[in-house]
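**Q** sequence and computational prediction follow.
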Amino acid sequence: MDLNVWLWIVAGFLATILLISTSKIFVPREKIAAAGGHAAQWVLDFSPGALRAIGTLEILAAAGLILPAVLDIAPVLVPVTAVCVALLFACAAAMRLRRGERATIALDLVYLTLAVFVAWGRFGPESFTGLAS
């Protein structure tokens with residue numbers, strides 16, 4: 001498979017992860033914390049309003065990874081969104097370190113790496129603008 005296909009697969013995977021993560025908008029944080037075990041206790045550190053804001057940003061990020069390219073409307077937003085997603089997961093990893101949850105940081109670091117891959121690929125060799133060499 002060529003790089004463009006891999007970038008689409010990874011962007012779709014990240015968008016799916018972000019959409020699944022938006023459950024914090026609809027499910028009470030106490031229920032998430034109880035159902036998710038130790039790895040989900042972080043939600044108790046945030047107010048319901050903050051969790052809704054994070055969830056809203058995740059919805060926007062999921063859309064921003066896919067829709068601009070599919071609709072061919074400002075496709076440069078795809079790598080910009082990927083950078084923002086990388087920052088989101090960097091913050092998630094930092095929060096887990098602060099909470100002493102080193103065992104649960106691995107997925108955040110994987111998602112961070114995948115977001116950096118999409119940003120690199122869409123700013124560089126597989127840019128939608130055709131300006132990359």
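**A** On my side now, so go ahead.
**Q** which ones are touching the residue positioned nearest the centre of the chain?
**A** With distances taken as Cα atoms, centre = their mean, Val85 lies nearest the centre of the chain, 4.3 Å away. Contacts for Val85 (Cβ atoms under 8 Å, 6 or more residues apart in numbering) come out as Leu14, Leu18, Ala61, Leu65, Tyr111, Ala115, Val118. For every residue, glycine as well, the C-beta is placed using N, CA and C.
**Q** per-residue pLDDT of the third one, please?
**A** Confidence at Ala61, expressed as pLDDT, is 98.
**Q** which is the next helix or strand following the helix or strand hosting it?
**A** Using DSSP states H and E, Ala61 sits within helix 48-71. Remark: after helix 48-71, the chain's next helix or strand is helix 77-98, criterion DSSP H and E.
**Q** quick check: buried residues in the helix or strand where Val5 lies?
**A** Per DSSP H and E: Val5 is located in helix 3-21. Of the residues in helix 3-21, Leu7, Trp8, Val10, Ala11, Leu14, Ala15, Ile17, Leu18, Ser21 count as buried by neighbour count, 16 or more other Cβ atoms under 10 Å.
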